[in-house]
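Colleague: how would this look folded up:
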Amino acid sequence: MAKILIGNYEATIYPEGNGYTGAISLGFRPDGTRNRPKRKGKTKEIVKAKLRVLVDEIEKGVQSERNYTVEKAVNVLLVHLAKQGKSKATMRTYRGLADHHIIARIGKIKLTDLNADDVETWLDACAEDMTTQTLKILHGLLCRSIRLAERRDKVGRNVALLVDTPHGKRPTRRSRSLSLEQASKLLKTAQDPEHRLGAYVILAIVSGLRTEELRALTWADVDLKKKVVYVLRSDREGGDTKTETSRRGFAVADMAVEALTALRKRQAAENLAAGDAWRGHNLVFCKEDGTPYTSDDVLRRFQRITRAAGIGATWVPRELRHTFVSIMSDNDVALEKISDLVGHSNTHTTRSVYRHQLRPVITTGAEKMNVIFKDDKSRSA
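Modeller: Model (predicted):
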(Lines give C-alpha, C1' and ligand atoms only; values in the text may rest on other atoms or scores of the structure.)
Protein backbone atom coordinates (compact mmCIF):
# COMPACT_ATOMS: atom_id res chain seq x y z
CA MET A 1 0.00 0.00 0.00
CA ALA A 2 2.11 2.89 -1.29
CA LYS A 3 1.86 6.31 0.31
CA ILE A 4 1.61 9.39 -1.89
CA LEU A 5 1.23 13.13 -1.39
CA ILE A 6 -1.91 14.94 -2.51
CA GLY A 7 -1.06 18.60 -2.02
CA ASN A 8 0.28 18.78 1.52
CA TYR A 9 -1.59 15.69 2.69
CA GLU A 10 -0.43 12.10 2.95
CA ALA A 11 -2.68 9.65 1.12
CA THR A 12 -2.86 5.98 0.21
CA ILE A 13 -4.52 4.22 -2.73
CA TYR A 14 -5.20 0.48 -2.62
CA PRO A 15 -7.24 -2.14 -4.52
CA GLU A 16 -10.68 -2.84 -3.11
CA GLY A 17 -13.56 -4.76 -4.69
CA ASN A 18 -13.69 -4.09 -8.43
CA GLY A 19 -11.71 -0.86 -8.21
CA TYR A 20 -9.57 1.23 -5.92
CA THR A 21 -10.00 3.19 -2.69
CA GLY A 22 -8.04 6.25 -1.70
CA ALA A 23 -7.78 7.76 1.78
CA ILE A 24 -6.25 10.97 3.12
CA SER A 25 -4.88 11.14 6.63
CA LEU A 26 -6.15 14.15 8.56
CA GLY A 27 -4.95 13.08 12.00
CA PHE A 28 -7.38 12.26 14.78
CA ARG A 29 -10.86 13.46 15.70
CA PRO A 30 -11.68 14.82 19.17
CA ASP A 31 -13.00 11.37 20.17
CA GLY A 32 -9.63 9.76 19.36
CA THR A 33 -10.67 8.01 16.13
CA ARG A 34 -8.64 8.46 12.95
CA ASN A 35 -9.92 11.02 10.47
CA ARG A 36 -9.36 9.37 7.07
CA PRO A 37 -11.94 10.46 4.46
CA LYS A 38 -12.08 8.06 1.51
CA ARG A 39 -12.91 8.20 -2.16
CA LYS A 40 -13.55 5.26 -4.53
CA GLY A 41 -13.18 4.73 -8.27
CA LYS A 42 -12.58 2.17 -11.00
CA THR A 43 -8.97 3.25 -11.62
CA LYS A 44 -6.16 4.80 -9.62
CA GLU A 45 -6.29 7.96 -11.75
CA ILE A 46 -9.98 8.45 -11.01
CA VAL A 47 -9.31 8.04 -7.28
CA LYS A 48 -6.38 10.50 -7.43
CA ALA A 49 -8.60 13.07 -9.15
CA LYS A 50 -11.26 12.68 -6.44
CA LEU A 51 -8.65 13.03 -3.71
CA ARG A 52 -7.36 16.24 -5.31
CA VAL A 53 -10.91 17.63 -5.25
CA LEU A 54 -11.21 16.58 -1.61
CA VAL A 55 -7.97 18.33 -0.70
CA ASP A 56 -9.08 21.45 -2.57
CA GLU A 57 -12.35 21.46 -0.59
CA ILE A 58 -10.49 20.96 2.69
CA GLU A 59 -8.20 23.90 1.99
CA LYS A 60 -11.21 26.07 1.07
CA GLY A 61 -13.00 25.04 4.26
CA VAL A 62 -15.79 23.25 2.39
CA GLN A 63 -17.42 20.39 4.27
CA SER A 64 -18.84 18.30 1.45
CA GLU A 65 -21.69 15.99 2.30
CA ARG A 66 -20.95 12.64 0.68
CA ASN A 67 -24.57 11.49 0.52
CA TYR A 68 -25.89 14.78 -0.84
CA THR A 69 -27.35 13.75 -4.19
CA VAL A 70 -28.46 15.74 -7.21
CA GLU A 71 -32.04 14.92 -6.23
CA LYS A 72 -31.59 16.48 -2.79
CA ALA A 73 -29.97 19.57 -4.27
CA VAL A 74 -32.80 20.08 -6.77
CA ASN A 75 -35.51 19.61 -4.16
CA VAL A 76 -33.81 22.12 -1.86
CA LEU A 77 -33.71 24.64 -4.72
CA LEU A 78 -37.40 24.19 -5.51
CA VAL A 79 -38.35 24.79 -1.88
CA HIS A 80 -36.09 27.86 -1.87
CA LEU A 81 -37.71 29.27 -5.04
CA ALA A 82 -41.22 28.68 -3.72
CA LYS A 83 -40.35 30.62 -0.55
CA GLN A 84 -39.04 33.45 -2.72
CA GLY A 85 -42.52 33.86 -4.18
CA LYS A 86 -42.34 32.16 -7.58
CA SER A 87 -45.83 31.69 -9.00
CA LYS A 88 -47.63 28.37 -8.67
CA ALA A 89 -47.64 27.99 -12.45
CA THR A 90 -43.87 28.49 -12.62
CA MET A 91 -43.30 26.05 -9.78
CA ARG A 92 -45.47 23.43 -11.53
CA THR A 93 -43.31 23.81 -14.63
CA TYR A 94 -40.08 23.56 -12.63
CA ARG A 95 -41.30 20.55 -10.66
CA GLY A 96 -42.35 18.72 -13.81
CA LEU A 97 -39.00 19.34 -15.50
CA ALA A 98 -37.07 18.41 -12.37
CA ASP A 99 -38.97 15.17 -11.74
CA HIS A 100 -38.96 13.88 -15.31
CA HIS A 101 -35.60 15.05 -16.60
CA ILE A 102 -33.23 15.74 -13.72
CA ILE A 103 -34.22 13.49 -10.82
CA ALA A 104 -35.31 10.58 -13.02
CA ARG A 105 -32.06 10.60 -15.02
CA ILE A 106 -29.24 11.80 -12.75
CA GLY A 107 -30.93 12.29 -9.39
CA LYS A 108 -29.17 9.41 -7.63
CA ILE A 109 -25.67 10.66 -8.44
CA LYS A 110 -23.87 12.13 -5.44
CA LEU A 111 -23.16 15.78 -6.00
CA THR A 112 -19.50 15.30 -5.13
CA ASP A 113 -19.26 12.55 -7.79
CA LEU A 114 -21.00 14.52 -10.53
CA ASN A 115 -18.61 15.76 -13.20
CA ALA A 116 -18.84 17.91 -16.32
CA ASP A 117 -18.92 14.86 -18.59
CA ASP A 118 -21.98 13.54 -16.71
CA VAL A 119 -23.76 16.86 -17.19
CA GLU A 120 -22.86 17.05 -20.88
CA THR A 121 -24.03 13.48 -21.54
CA TRP A 122 -27.29 14.15 -19.71
CA LEU A 123 -27.98 17.38 -21.62
CA ASP A 124 -27.23 15.74 -24.97
CA ALA A 125 -29.73 12.98 -24.17
CA CYS A 126 -32.39 15.54 -23.21
CA ALA A 127 -31.73 17.51 -26.41
CA GLU A 128 -33.01 14.62 -28.53
CA ASP A 129 -36.62 15.44 -27.66
CA MET A 130 -36.55 18.98 -26.34
CA THR A 131 -36.55 22.57 -27.59
CA THR A 132 -33.54 24.80 -26.99
CA GLN A 133 -35.59 27.04 -24.71
CA THR A 134 -36.66 24.13 -22.50
CA LEU A 135 -33.07 22.89 -22.36
CA LYS A 136 -31.94 26.31 -21.13
CA ILE A 137 -34.51 26.19 -18.33
CA LEU A 138 -33.49 22.64 -17.41
CA HIS A 139 -29.76 23.40 -17.43
CA GLY A 140 -30.45 26.54 -15.43
CA LEU A 141 -32.27 24.57 -12.75
CA LEU A 142 -29.30 22.23 -12.34
CA CYS A 143 -26.82 25.12 -12.24
CA ARG A 144 -28.87 26.94 -9.61
CA SER A 145 -29.32 23.77 -7.57
CA ILE A 146 -25.57 23.16 -7.41
CA ARG A 147 -24.85 26.85 -6.80
CA LEU A 148 -27.15 26.79 -3.78
CA ALA A 149 -25.48 23.59 -2.56
CA GLU A 150 -22.08 25.23 -3.10
CA ARG A 151 -23.17 28.23 -1.06
CA ARG A 152 -24.16 25.89 1.75
CA ASP A 153 -20.82 24.04 1.60
CA LYS A 154 -22.35 20.81 0.29
CA VAL A 155 -19.99 20.71 -2.69
CA GLY A 156 -16.75 22.41 -3.69
CA ARG A 157 -17.54 23.59 -7.22
CA ASN A 158 -20.36 23.86 -9.70
CA VAL A 159 -19.54 21.49 -12.57
CA ALA A 160 -22.76 22.36 -14.41
CA LEU A 161 -21.30 25.79 -15.19
CA LEU A 162 -18.50 24.15 -17.18
CA VAL A 163 -20.96 22.87 -19.81
CA ASP A 164 -22.70 24.86 -22.54
CA THR A 165 -26.40 24.29 -23.17
CA PRO A 166 -26.77 22.35 -26.44
CA HIS A 167 -29.32 23.18 -29.13
CA GLY A 168 -32.54 21.22 -28.84
CA LYS A 169 -33.58 19.04 -31.76
CA ARG A 170 -37.30 19.68 -31.38
CA PRO A 171 -38.30 22.94 -33.07
CA THR A 172 -39.87 25.61 -30.89
CA ARG A 173 -43.54 26.18 -31.68
CA ARG A 174 -43.82 29.81 -32.64
CA SER A 175 -47.00 31.69 -31.95
CA ARG A 176 -49.12 32.34 -35.02
CA SER A 177 -51.86 34.75 -35.87
CA LEU A 178 -55.20 34.19 -37.54
CA SER A 179 -55.71 35.43 -41.05
CA LEU A 180 -58.36 38.08 -41.52
CA GLU A 181 -60.72 35.43 -42.89
CA GLN A 182 -60.10 33.11 -39.92
CA ALA A 183 -60.54 35.96 -37.46
CA SER A 184 -63.86 36.89 -39.09
CA LYS A 185 -65.10 33.29 -38.81
CA LEU A 186 -64.05 33.15 -35.16
CA LEU A 187 -65.73 36.45 -34.31
CA LYS A 188 -68.98 35.31 -35.92
CA THR A 189 -68.94 32.01 -34.01
CA ALA A 190 -68.04 33.73 -30.73
CA GLN A 191 -71.21 35.81 -30.96
CA ASP A 192 -73.31 32.65 -30.51
CA PRO A 193 -74.76 32.66 -26.94
CA GLU A 194 -73.90 28.96 -26.77
CA HIS A 195 -70.30 29.94 -26.13
CA ARG A 196 -69.91 31.49 -22.70
CA LEU A 197 -66.32 32.49 -23.52
CA GLY A 198 -67.45 34.31 -26.66
CA ALA A 199 -67.09 37.81 -25.21
CA TYR A 200 -63.57 36.91 -24.05
CA VAL A 201 -62.59 35.90 -27.59
CA ILE A 202 -64.14 39.00 -29.15
CA LEU A 203 -62.48 41.41 -26.71
CA ALA A 204 -59.12 39.65 -27.14
CA ILE A 205 -59.20 39.98 -30.94
CA VAL A 206 -60.28 43.62 -31.02
CA SER A 207 -58.12 44.83 -28.09
CA GLY A 208 -54.95 42.70 -28.00
CA LEU A 209 -55.23 42.12 -24.24
CA ARG A 210 -52.98 39.45 -22.72
CA THR A 211 -54.69 36.29 -21.50
CA GLU A 212 -53.70 37.01 -17.87
CA GLU A 213 -55.12 40.55 -18.20
CA LEU A 214 -58.43 39.24 -19.50
CA ARG A 215 -58.77 36.70 -16.66
CA ALA A 216 -58.19 39.43 -14.07
CA LEU A 217 -60.55 42.01 -15.62
CA THR A 218 -63.37 43.14 -13.30
CA TRP A 219 -66.56 44.99 -14.10
CA ALA A 220 -65.17 47.97 -12.19
CA ASP A 221 -62.54 48.21 -14.96
CA VAL A 222 -65.15 48.36 -17.73
CA ASP A 223 -67.19 51.45 -18.64
CA LEU A 224 -69.78 50.22 -21.14
CA LYS A 225 -71.31 53.68 -21.61
CA LYS A 226 -67.99 55.28 -22.52
CA LYS A 227 -66.87 52.09 -24.32
CA VAL A 228 -63.61 52.06 -22.38
CA VAL A 229 -61.64 49.26 -20.66
CA TYR A 230 -58.92 49.88 -18.07
CA VAL A 231 -56.13 47.35 -17.48
CA LEU A 232 -55.00 47.69 -13.87
CA ARG A 233 -54.03 44.15 -12.85
CA SER A 234 -53.37 40.68 -14.23
CA ASP A 235 -53.65 37.05 -13.22
CA ARG A 236 -49.96 36.90 -12.28
CA GLU A 237 -48.28 36.29 -8.93
CA GLY A 238 -49.08 39.35 -6.81
CA GLY A 239 -51.71 40.60 -9.28
CA ASP A 240 -49.45 43.15 -10.96
CA THR A 241 -49.43 43.81 -14.69
CA LYS A 242 -46.43 42.55 -16.66
CA THR A 243 -44.84 46.01 -16.91
CA GLU A 244 -45.71 49.55 -15.82
CA THR A 245 -46.77 50.41 -19.37
CA SER A 246 -49.19 47.48 -19.27
CA ARG A 247 -51.42 49.61 -17.03
CA ARG A 248 -53.51 51.38 -19.62
CA GLY A 249 -56.98 52.43 -20.67
CA PHE A 250 -58.35 52.24 -24.18
CA ALA A 251 -61.55 52.47 -26.18
CA VAL A 252 -62.96 49.19 -27.49
CA ALA A 253 -64.82 48.32 -30.66
CA ASP A 254 -68.61 48.27 -30.76
CA MET A 255 -68.83 44.50 -31.19
CA ALA A 256 -66.88 44.03 -27.95
CA VAL A 257 -69.18 46.46 -26.12
CA GLU A 258 -72.20 44.51 -27.37
CA ALA A 259 -70.68 41.18 -26.32
CA LEU A 260 -69.76 42.51 -22.85
CA THR A 261 -73.23 44.00 -22.37
CA ALA A 262 -74.85 40.65 -23.17
CA LEU A 263 -72.40 38.85 -20.86
CA ARG A 264 -73.18 41.20 -17.97
CA LYS A 265 -76.91 40.53 -18.31
CA ARG A 266 -76.22 36.79 -18.46
CA GLN A 267 -74.12 36.93 -15.29
CA ALA A 268 -76.75 38.94 -13.45
CA ALA A 269 -79.33 36.26 -14.24
CA GLU A 270 -76.96 33.48 -13.16
CA ASN A 271 -76.17 35.31 -9.93
CA LEU A 272 -79.86 35.69 -9.14
CA ALA A 273 -80.58 32.03 -9.90
CA ALA A 274 -77.58 30.76 -7.88
CA GLY A 275 -78.33 32.79 -4.76
CA ASP A 276 -75.95 31.84 -1.94
CA ALA A 277 -74.14 29.40 -4.25
CA TRP A 278 -72.75 32.30 -6.30
CA ARG A 279 -69.02 32.71 -5.71
CA GLY A 280 -68.48 35.84 -7.74
CA HIS A 281 -65.51 38.21 -7.44
CA ASN A 282 -66.96 40.81 -9.83
CA LEU A 283 -64.87 39.24 -12.60
CA VAL A 284 -65.89 39.93 -16.18
CA PHE A 285 -64.92 36.44 -17.30
CA CYS A 286 -65.81 33.66 -14.88
CA LYS A 287 -67.50 30.28 -14.64
CA GLU A 288 -71.22 29.76 -14.25
CA ASP A 289 -70.95 29.99 -10.43
CA GLY A 290 -68.82 33.14 -10.52
CA THR A 291 -65.49 31.45 -9.74
CA PRO A 292 -62.41 32.45 -11.78
CA TYR A 293 -61.27 30.66 -14.91
CA THR A 294 -57.89 28.96 -14.83
CA SER A 295 -55.69 29.10 -17.91
CA ASP A 296 -56.66 25.48 -18.64
CA ASP A 297 -60.38 26.36 -18.40
CA VAL A 298 -59.90 29.14 -20.92
CA LEU A 299 -57.93 26.91 -23.30
CA ARG A 300 -60.62 24.17 -23.32
CA ARG A 301 -63.49 26.57 -23.90
CA PHE A 302 -61.55 28.57 -26.47
CA GLN A 303 -60.76 25.49 -28.55
CA ARG A 304 -64.43 24.52 -28.57
CA ILE A 305 -65.09 27.84 -30.29
CA THR A 306 -62.23 27.44 -32.80
CA ARG A 307 -63.53 23.97 -33.70
CA ALA A 308 -67.05 25.32 -34.14
CA ALA A 309 -65.64 28.10 -36.35
CA GLY A 310 -64.02 25.50 -38.60
CA ILE A 311 -60.43 26.68 -38.06
CA GLY A 312 -59.23 23.66 -36.05
CA ALA A 313 -58.33 23.05 -32.41
CA THR A 314 -54.60 23.82 -32.46
CA TRP A 315 -54.94 27.52 -31.64
CA VAL A 316 -54.21 28.92 -28.18
CA PRO A 317 -55.65 32.10 -26.60
CA ARG A 318 -52.40 34.10 -26.65
CA GLU A 319 -52.47 33.96 -30.45
CA LEU A 320 -55.46 36.30 -30.42
CA ARG A 321 -53.06 39.01 -29.23
CA HIS A 322 -50.76 38.26 -32.17
CA THR A 323 -53.80 38.46 -34.43
CA PHE A 324 -54.72 41.91 -33.13
CA VAL A 325 -51.21 43.29 -33.69
CA SER A 326 -50.97 41.77 -37.15
CA ILE A 327 -54.33 43.10 -38.31
CA MET A 328 -53.52 46.57 -36.95
CA SER A 329 -50.19 46.57 -38.75
CA ASP A 330 -51.74 45.26 -41.94
CA ASN A 331 -54.11 48.21 -41.90
CA ASP A 332 -51.29 50.75 -41.61
CA VAL A 333 -51.68 51.60 -37.92
CA ALA A 334 -48.42 53.18 -36.70
CA LEU A 335 -46.14 50.81 -34.81
CA GLU A 336 -45.86 53.24 -31.88
CA LYS A 337 -49.64 53.32 -31.55
CA ILE A 338 -49.85 49.51 -31.63
CA SER A 339 -47.22 49.31 -28.89
CA ASP A 340 -49.30 51.67 -26.74
CA LEU A 341 -52.46 49.64 -27.34
CA VAL A 342 -50.93 46.31 -26.32
CA GLY A 343 -48.91 47.73 -23.41
CA HIS A 344 -45.39 47.23 -24.73
CA SER A 345 -42.68 49.43 -23.21
CA ASN A 346 -41.16 49.97 -26.68
CA THR A 347 -41.71 49.01 -30.29
CA HIS A 348 -39.01 46.30 -30.44
CA THR A 349 -41.21 43.46 -29.11
CA THR A 350 -44.16 44.60 -31.20
CA ARG A 351 -42.03 44.60 -34.34
CA SER A 352 -39.94 41.46 -33.78
CA VAL A 353 -42.45 39.11 -32.14
CA TYR A 354 -45.93 40.13 -33.22
CA ARG A 355 -46.28 42.33 -36.29
CA HIS A 356 -44.92 39.92 -38.90
CA GLN A 357 -47.28 37.08 -38.07
CA LEU A 358 -50.21 37.81 -40.39
CA ARG A 359 -48.45 39.12 -43.45
CA PRO A 360 -44.72 38.24 -43.55
CA VAL A 361 -42.49 40.82 -45.21
CA ILE A 362 -41.49 38.29 -47.87
CA THR A 363 -44.95 38.50 -49.47
CA THR A 364 -45.36 42.27 -49.30
CA GLY A 365 -43.49 43.04 -52.50
CA ALA A 366 -45.52 40.56 -54.55
CA GLU A 367 -48.80 41.84 -53.18
CA LYS A 368 -47.88 45.43 -53.93
CA MET A 369 -46.76 44.59 -57.44
CA ASN A 370 -50.04 42.75 -58.12
CA VAL A 371 -51.93 45.92 -57.21
CA ILE A 372 -49.64 48.13 -59.34
CA PHE A 373 -49.92 46.00 -62.45
CA LYS A 374 -53.64 45.51 -61.99
CA ASP A 375 -54.04 49.29 -61.98
CA ASP A 376 -51.70 49.56 -64.95
CA LYS A 377 -53.85 47.14 -66.98
CA SER A 378 -56.95 49.11 -66.08
CA ARG A 379 -55.37 52.33 -67.36
CA SER A 380 -54.24 50.68 -70.61
CA ALA A 381 -57.67 49.25 -71.39
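Colleague: Find the helix or strand that the residue nearest in space to the middle of the chain is a member of.
Modeller: Geometric centre of the chain, nearest residue: Thr90, 6.7 Å, by Cα atoms, centre = their mean. In this assignment (DSSP states H and E), Thr90 forms part of helix 88-97.
Colleague: contact partners of that helix?
Modeller: By Cβ atoms under 8 Å, 6 or more residues apart in numbering, the list of residues contacting helix 88-97 from outside reads 78, 81-82, 86, 134, 137-138, 141, 237, 295. In short, each C-beta sits where N, CA and C put it, glycine included.
Colleague: so what's the backbone phi/psi at the closest residue to Lys227 other than its chain neighbours?
Modeller: Setting aside the residues directly before and after it, Lys227 is nearest to Val257 in space (Cβ to Cβ, 6 or more residues apart in numbering), at 5.1 Å. Backbone torsions for Val257, taken as degrees, to the nearest 10, come to phi -60, psi -40.
Colleague: By neighbour count, which of the contacts of helix 88-97 wins?
Modeller: Using other Cβ atoms under 10 Å as the neighbour criterion, Leu138 leads these with 23 neighbours.
Colleague: and which of the contacts of helix 88-97 is nearest Lys3?
Modeller: Proximity of the contacts of helix 88-97 to Lys3 (Cβ to Cβ) peaks at Leu141, which lies at 42.4 Å.
Colleague: Just the buried residues of the helix or strand hosting Gln303, please?
Modeller: Element membership of Gln303 [criterion: DSSP H and E] is helix 295-308. Buried residues in helix 295-308, counted by 16 or more other Cβ atoms under 10 Å: 297-299, 301-306, 308.
Colleague: Okay, now the unreliable bits of the stretch 151-300 of the chain?
Modeller: 171-175, 233-248 (pLDDT under 70).
Colleague: go with 90
Modeller: By pLDDT under 90, the weakly predicted segments of the stretch 151-300 of the chain are 151-157, 168-181, 183, 204-217, 220-223, 226-256, 274-282, 292-296.
Colleague: all strands in it, in order from the N-terminus.
Modeller: Counting by DSSP state E, counting those that start in this stretch, the stretch 151-300 of the chain has these strands, from start to end: 222-223, 228-231, 248-251.
Colleague: just to revisit the earlier point, show me which residues of the next helix-or-strand element following the helix holding Thr90 are buried.
Modeller: Using DSSP H and E, the next helix or strand after helix 88-97 towards the C-terminus is helix 104-106. Neighbour counts over helix 104-106 (16+ other Cβ under 10 Å) mark Ile106 as buried.
Colleague: Quick one: list the elements packing against helix 104-106.
Modeller: Applying 3 or more Cβ pairs under 8 Å, 6 or more residues apart in numbering; DSSP states H and E, one finds that helix 104-106 contacts helix 116-127.
Colleague: Hmm, the residue nearest to Lys227 is touching Asp223, no?
Modeller: No: Val257 lies out of contact with Asp223 (Cβ atoms under 8 Å); the separation is 9.8 Å.
Colleague: quick one: contacts of stretch 52-59?
Modeller: Stretch 52-59 has contacts (Cβ under 8 Å, 6+ apart) with 6-9, 24, 26, 37, 39, 63-64, 112, 156-157.
Colleague: Stretch 163-172 now?
Modeller: Outside stretch 163-172, the residues touching it (Cβ under 8 Å, 6+ apart) are 116, 119-120, 123-124, 127-136, 139.
Colleague: And the residues you listed, which of them are buried?
Modeller: So, by 16+ other Cβ under 10 Å, the buried ones in the contacts of stretch 163-172 are 119-120, 123, 127, 130-131, 134-135, 139.
Colleague: Of the residues you listed, which is the nearest to Ile205?
Modeller: Nearest to Ile205 among the buried ones among the contacts of stretch 163-172, counting by Cβ to Cβ, is Thr131 at 27.7 Å.
Colleague: before we move on, could you check phi and psi at that closest one?
Modeller: Main-chain dihedrals, Thr131, degrees, to the nearest 10: phi -80, psi 160.
Colleague: and if you look at Lys40?
Modeller: Dihedral pair for Lys40: phi -120, psi 160, per degrees, to the nearest 10.
Colleague: who does it bridge with?
Modeller: Under DSSP bridges, the beta-bridge partners of Lys40 are Thr21.
Colleague: same thing with Thr218?
Modeller: Note on Thr218: beta-bridge partners by DSSP bridges are Leu283.
Colleague: So it sits against His281, correct?
Modeller: Yes: using Cβ under 8 Å as the test, Thr218 is close enough to His281 to be in contact (7.5 Å).
Colleague: Comparing those two, which shows the higher neighbour count?
Modeller: Each of Thr218 and His281 has its neighbours counted (other Cβ under 10 Å); Thr218 has more, 15 against 10.
Colleague: What is the end-to-end distance of stretch 303-315?
Modeller: End-to-end distance of stretch 303-315: 7 Å, with Cα to Cα, to the nearest Å as the criterion.
Colleague: tell me the mean pLDDT for it?
Modeller: Per-residue pLDDT over stretch 303-315 has a mean of 95.
Colleague: do the same with stretch 77-85
Modeller: On average, stretch 77-85 scores 89.
Colleague: could the buried residues of helix 295-308 go into CSV alongside distance to Ile202?
Modeller: Below are the buried residues of helix 295-308 laid out as CSV (distance: Cβ to Cβ, whole Å):
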residue, distance to Ile202
Asp297, 18
Val298, 14
Leu299, 17
Arg301, 13
Phe302, 12
Gln303, 16
Arg304, 15
Ile305, 10
Thr306, 13
Ala308, 14
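Colleague: Most widely separated two among those?
Modeller: Using Cβ to Cβ, the pair of the buried residues of helix 295-308 lying farthest apart is Asp297 and Ala308, separated by 17.3 Å.
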